[in-house]
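A.B. asks: model this:
(2 chains)
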Number of protein chains: 2
Amino acid sequence: MLANTPKPPYYSVIFASEKVEVTAKNDAYDIMASQMLDLAANQPGYLGVETVANELGEGITVSYWQSLETIEAWRDQADHKVAQKLGKEVWYKRYALRIAKVEKAYEFERD
Amino acid sequence: MLANTPKPPYYSVIFASEKVEVTAKNDAYDIMASQMLDLAANQPGYLGVETVANELGEGITVSYWQSLETIEAWRDQADHKVAQKLGKEVWYKRYALRIAKVEKAYEFERD
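C.D. replies: Coordinates of the predicted model:
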């Protein structure tokens, strides 16, 4: 689940969210989330993604991008805008989204 | 689970990890992880944390800090160094750690 990113600098979008319905499994959400990951991966400037969700409906998704411009293009992508609207109107209780410039990166992998 | 951070700019540490043992519940790990969150919260420059883990042993923890200097002080904190060593020697299969400067932030909360 780790993103194989190039040497910094590059940009990250840190998206932390809490869903409204924490008990009911929401198939529509899962399908849309999966589609958004596929779609993002085909956007210009996409470098990778790391995403983890738990059974309480909490999730963190960090996507990595070449530049602020490519993040803006992804934000404005038509299908993504539909997903954002559904997220606000139906799925999320709350979320935080941060755009951050990656300056340093380290990796560890067991032998 | 969202961090209540001040206006940007500030710094983030994005830590994405995969544990070695994905099936066995590891009490020692959970205790140490919880202690590290408490300890971080008492470090100078700490602004907040967002953390999610799943049942596969995957986790993302993003902590927020006032400056690179306060991140370095946390990295070098004695008890934290013990935890880092245990992480590499016992718990983690692999991880990625990125330091990124938060430039923009947005929040959504349902009425």
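
A.B. asks: Can you report how many residues lie near residue A:53?
C.D. replies: Counted with other C-beta atoms under 10 Å in any protein chain shown, residues neighbouring residue A:53 total 20. (Each C-beta comes from the backbone N, C-alpha and C, glycine too.)

A.B. asks: Need the nearest residue in space to the residue in chain A that chain B sits nearest to, chain neighbours excluded.
C.D. replies: Of all residues in chain A, residue A:100 sits closest to chain B, at 3.6 Å by C-beta to the nearest C-beta. Residue nearest to residue A:100 in three dimensions, not counting chain neighbours: residue B:100, with 3.6 Å by C-beta to C-beta, 6 or more residues apart in numbering or on different chains.

A.B. asks: Can you show me the helices along chain A?
C.D. replies: Secondary structure of chain A (DSSP state H): helices at A:27-41, A:68-75, A:78-86.

A.B. asks: what's the angle from the helix or strand bottoming out on mean pLDDT in chain A to helix A:68-75?
C.D. replies: Least confident helix or strand, chain A: helix A:27-41 with a mean of 94, by mean pLDDT, DSSP states H and E. Inter-element angle recorded for helix A:27-41 and helix A:68-75: 150 degrees (by axes from the mean of the first three to the mean of the last three C-alpha atoms, to 10 degrees).

A.B. asks: Give me the angle between helix A:27-41 and helix A:78-86.
C.D. replies: Taking the same axes, to 10 degrees, one finds that helix A:27-41 is oriented at 140 degrees with respect to helix A:78-86.

A.B. asks: Which strands and helices lie in contact with helix A:27-41?
C.D. replies: Judged by 3 or more C-beta pairs under 8 Å, 6 or more residues apart in numbering or on different chains; DSSP states H and E, helix A:27-41 is in contact with strand A:46-53, helix A:78-86.

A.B. asks: Please save the CA atoms from stretch A:8-27 in CSV.
C.D. replies: Provided in CSV are the C-alpha atoms of stretch A:8-27 (Å, rounded to 0.1, in the frame of the first residue of the first chain):
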residue,chain,number,x,y,z
PRO,A,8,11.2,15.2,-3.4
PRO,A,9,10.1,17.9,-4.0
TYR,A,10,6.5,17.0,-5.0
TYR,A,11,3.1,17.6,-3.6
SER,A,12,0.7,15.7,-1.4
VAL,A,13,-3.1,15.9,-0.8
ILE,A,14,-3.9,14.6,2.7
PHE,A,15,-7.6,13.7,3.0
ALA,A,16,-8.9,12.6,6.4
SER,A,17,-12.6,11.7,6.6
GLU,A,18,-15.3,10.4,8.8
LYS,A,19,-18.4,8.9,7.2
VAL,A,20,-21.9,9.5,8.4
GLU,A,21,-23.0,5.9,8.5
VAL,A,22,-20.4,4.0,10.5
THR,A,23,-22.3,0.8,10.9
ALA,A,24,-23.9,0.1,7.5
LYS,A,25,-21.6,-1.0,4.8
ASN,A,26,-22.1,1.4,1.9
ASP,A,27,-21.6,-0.3,-1.5
